[in-house]
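Peer 1: here you go, sequence then predicted model.
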Amino acid sequence: MTVNPASTNALSSLKTRLRAACAATALLLATGSLAQAADLNALIWCDHADPALLQPFETANNVKVNVKEFEGTGAGLAIVEQSQPGDWDVMVIDSIDVPRGVEKGLFEPLPEDKLPFADLFAQVKMDGSTIVGGKRYGITEKFGYNTIGFNKTKVDPADMQSLASLTSDKYKGKVAIYDYYLPVIGMAALAIGKRTADLTEADLPAIKAELLKMKANAKLVGEVTASQTALATGEVDILVGGGEWVTAGLAKENPALDFSIPKEGAVLWSQSLAMFKDSKNKDMALKFIQYIMSPEGQARLATSSCYWGMPSNTKAALTDDQKKVLRFDEQPQFLARAQAYPAPNADLDKKMQDMWTEMLQAK
Amino acid sequence: MSITENNGQALPRADRALPWALVTPALGWTLLFFVLPFIAMGLSSLTAHDGGAFTLSNYSEFFTNPSYWQAMVNSLQVTAIVTVISVLLAYPFAWILAEQVPERWQRLALMLAVLPFWTSYVVRSYSWLLVLAQNGVVNRALTGSGLFNEPVQLANTRLATVIGFVHFFVMLLTLTIFANLKQLSPSYRKAAADLGAGPVRTFLHVVLPLTLPGIMVGAFLTFVLCIGDYITPQILGGNNELLMPQLVMMQIGRRGDFPLASALSIILMAVVTVAYLACARWLKIERA
């Protein structure tokens, strides 16, 4: 076999290029890992993706916050299960679902002395959910109410002070229902005089009857954007299960939108921040939580472009206009009438979801 | 001729390996991104949500829960309606494109046909929601022209879902049928005319049967994409009835019930497989 010198040169050149490529790749990987060390990886809801919220923290701490959005605790926990330990540093989670993460051994206890617990609205600390086995694993950062959102120029605001209006013929075809079974089931429970904290399987038939009455009045059952769009475009005048997170964001364009906490009460929702036990960057994770809980961070989170909601810190640095839209000063009265988010066990949760499915399929 | 033989002689080893070398990337891709995930999903569907023990309860739940069963019925109804309407609209479009539009304009016409594909499902669906809303263009035209005194409920209905789907799929079908029509040799029609067939008879007995493969492929694609789509019914249907993809998503959102979601997905895939086999079998008969 003869060897063509040209081929040898080509082969040699190829080898050289391969070596160079390998070296470049190794350099890139090394740079990548270095970059990763200065990163903070956060599993979040969409309000945390707002650059106006993240950039001040990134600049102040010379860190890049990598965010991944998810919807629903089940989906969020599935992402964690499919990740390597240490991939994530912090997570935003429904306050009532903090124990689910703790049971899976995911979260690190939070240092209470380094976080502004004393400044939080007392009712939103959610100790029943955020403290597990005597240790606190989550801190409530934002809250609000699943209640009645409405257009005050199209409905009688006095009617919106009672959940009974939602099933009256007066508003037939003018109603949208927010598509999340737990809070709306909670509202149906309130409408028939049951406490959300005490719900059992025996309550489901009566709640189902109430839900079906709501459905008969409703034009649609929509997720956040669809129900917000329906209210904003006049497709409906009332949103069952919507609150400040729907109307506050649209207040500038449409000041006619408002929400009420009816006499029967409303369902308090709250989201918490938790730190991962396997985080490789716990100091920065704690700094992030401290930033989000600071007056400035709270104001930015409350008015995030994705959705507005009440900051849990009473000292949030909101402007007067922002406070007015969020009805900041009325919170003590609202909180007094609010009831807990339903927190069923796995079996009851499944039954509630099936009941919701039946309601959706009802004609 | 077998690929291993060449005039009765075995091919050199390198020649025998070539076809495998060429097909290996595609096989690897299919194995990695379809077969393995499908097996994982199948195994997941046979486990309990709470403990991972073997169970058939996820499948039995589908057949015993009327709401779940209804979701499949709704999905099949919507998909059938969308597919039929899309075929009925797409064929004339494709015919006009292939036969009536001059060659030099066909490229532009095709580009216009694929324009809907440039827009995401989400944007397109929300656009339709605004068009069909109570204060939307359609209702304004209906009430403004005096045809209706009150706005008609168009958004958040099955009709809205069907409109959204048809808007997208009619162009997909148009493209597949157009390709088929372009491949059809003019000799067939000349031969039919020579034998005394009029335009209608030629179409019904020559053109239509020969373009059936294009129709069936497009219809099958429409079926698959439509029955598995979550976005359009979620936004346009107003959740007034559940379709299968929405039911699957419900299991994942809060409860993270992946086993039940997997079982529902496998059932959905079984329906698609049956549809494919029916198409394939029917086409084979036609060709025979």
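Peer 2: Now that the structure is in, tell me what you want to look at. Numbering: from 1, shown residues only, chains lettered A, B, ... in the order given.
Peer 1: when you work out contacts or count neighbours from here on, use the C-alpha atoms and nothing else.
Peer 2: Noted.
Peer 1: low-confidence bits of the chain, can you list those?
Peer 2: Just going to use chain A. For chain A, the stretches with pLDDT under 70 are A:1-37.
Peer 1: actually it's chain B I care about, not the one you picked
Peer 2: For chain B, counting by pLDDT under 70, the residues that fall below are B:1-11, B:283-288.
Peer 1: those residues of it touching chain A, which are they?
Peer 2: For chain B, the contact set with chain A under C-alpha under 8 Å from any C-alpha of the partner chain comprises B:67, B:70-71, B:133-135, B:156, B:234-235, B:238-242, B:252-257.
Peer 1: neighbouring strands for the longest strand seen in chain A, and are they parallel or not?
Peer 2: Looking across chain A with DSSP state E, the single longest strand is strand A:139-151. Partner strands and pairing direction for strand A:139-151 (DSSP bridges) are strand A:238-242 (antiparallel), strand A:257-260 (antiparallel), strand A:266-276 (antiparallel), strand A:310-311 (antiparallel).
Peer 1: mind putting those strands in TSV, mean neighbour count included?
Peer 2: Compiled in TSV, the strands paired with strand A:139-151 are given as follows (neighbours: other C-alpha atoms under 10 Å in any protein chain shown):
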stretch	mean neighbour count
strand A:238-242	28
strand A:257-260	24
strand A:266-276	26
strand A:310-311	28
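Peer 1: pick out the residue of chain A closest to chain B.
Peer 2: Nearest residue of chain A to chain B (C-alpha to the nearest C-alpha) works out as residue A:74 at 3.7 Å.
Peer 1: for the residue nearest the centre of chain A, give me its contacts.
Peer 2: Centroid-nearest residue in chain A, with C-alpha atoms, centre = their mean: residue A:45, separated by 5.0 Å. Residue A:45 makes contact with A:69-71, A:92, according to C-alpha atoms under 8 Å, 6 or more residues apart in numbering or on different chains.
Peer 1: one step back: and the residue of chain A closest to chain B, what element?
Peer 2: helix A:73-81 (DSSP states H and E).
Peer 1: count the neighbours of residue A:199 for me.
Peer 2: Look at residue A:199: counted by other C-alpha atoms under 10 Å in any protein chain shown, it has 18 neighbours.
Peer 1: meant to ask about residue A:358, not that
Peer 2: The burial count for residue A:358: 21, using other C-alpha under 10 Å.
Peer 1: spatially nearest residue to it (excluding sequence neighbours)?
Peer 2: In space, and not counting its chain neighbours, residue A:358 is closest to residue B:67: 5.6 Å by C-alpha to C-alpha, 6 or more residues apart in numbering or on different chains.
Peer 1: correct me if wrong: the one you found contacts residue A:361.
Peer 2: Yes: contact criterion C-alpha atoms under 8 Å: residue B:67 and residue A:361 qualify, at 6.5 Å.
Peer 1: okay, the two: which has more neighbours?
Peer 2: Using other C-alpha under 10 Å, the more surrounded residue of residue B:67 and residue A:361 is residue B:67, with 23 against 20.
Peer 1: distance of residue B:260 relative to chain A?
Peer 2: 11 Å (C-alpha to the nearest C-alpha, to the nearest Å).
Peer 1: what sits against residue 265?
Peer 2: Chain wasn't specified; assuming chain A. Going by C-alpha under 8 Å, 6+ apart, the list of residues near residue A:265 reads A:190, A:337-339.
Peer 1: switch to chain B, please.
Peer 2: Contacts of residue B:265 by C-alpha under 8 Å, 6+ apart are residue B:248.
Peer 1: host element of it?
Peer 2: Residue B:265 belongs to helix B:258-287, assigned by DSSP H and E.
Peer 1: could you do residue A:110 as well?
Peer 2: Using DSSP H and E, no helix or strand contains residue A:110.
Peer 1: and what of residue A:66?
Peer 2: Assigned by DSSP H and E, residue A:66 falls in strand A:64-69.
Peer 1: helices or strands up against that strand?
Peer 2: Based on contacts counted as 3 or more C-alpha pairs under 8 Å, 6 or more residues apart in numbering or on different chains; DSSP states H and E, the elements that strand A:64-69 packs against are strand A:39-44, helix A:51-61.
Peer 1: do you know how far the residue nearest to residue A:215 when sequence neighbours are not counted is from residue B:109?
Peer 2: What sits nearest to residue A:215 in space, not counting adjacent residues and going by C-alpha to C-alpha, 6+ apart, is residue A:359, at 7.1 Å. Residue A:359 sits 46 Å away from residue B:109, going by C-alpha to C-alpha, to the nearest Å.
Peer 1: same thing with residue A:333?
Peer 2: 63 Å.
Peer 1: of the two, which one has the most company?
Peer 2: Using other C-alpha under 10 Å as the criterion, residue A:333 and residue B:109 rank with residue B:109 on top: 14 against 10.
Peer 1: isn't residue B:122 right up against residue B:232?
Peer 2: Yes: counting by C-alpha under 8 Å, residue B:122 sits close enough to residue B:232 to count as a contact (7.4 Å).
Peer 1: the more surrounded of those two?
Peer 2: For the pair residue B:122 and residue B:232, the greater number of neighbours falls to residue B:232 (23 against 13), based on other C-alpha under 10 Å.
Peer 1: isn't that one right up against residue B:166?
Peer 2: No: the criterion here is C-alpha under 8 Å, and residue B:232 misses it with residue B:166 at 10.8 Å.
Peer 1: identify the residues contacting the residue lying closest to residue B:75 once chain neighbours are set aside.
Peer 2: Counting by C-alpha to C-alpha, 6+ apart, residue B:75 lies nearest to residue B:243, which is 5.0 Å off, once chain neighbours are set aside. Contacts here follow C-alpha under 8 Å, 6+ apart; on that basis residue B:243 touches B:71-72, B:74-75, B:233.
Peer 1: which SS class is residue B:155?
Peer 2: Secondary structure, DSSP: H, G, I helix; E, B strand; the rest coil: residue B:155 is coil.
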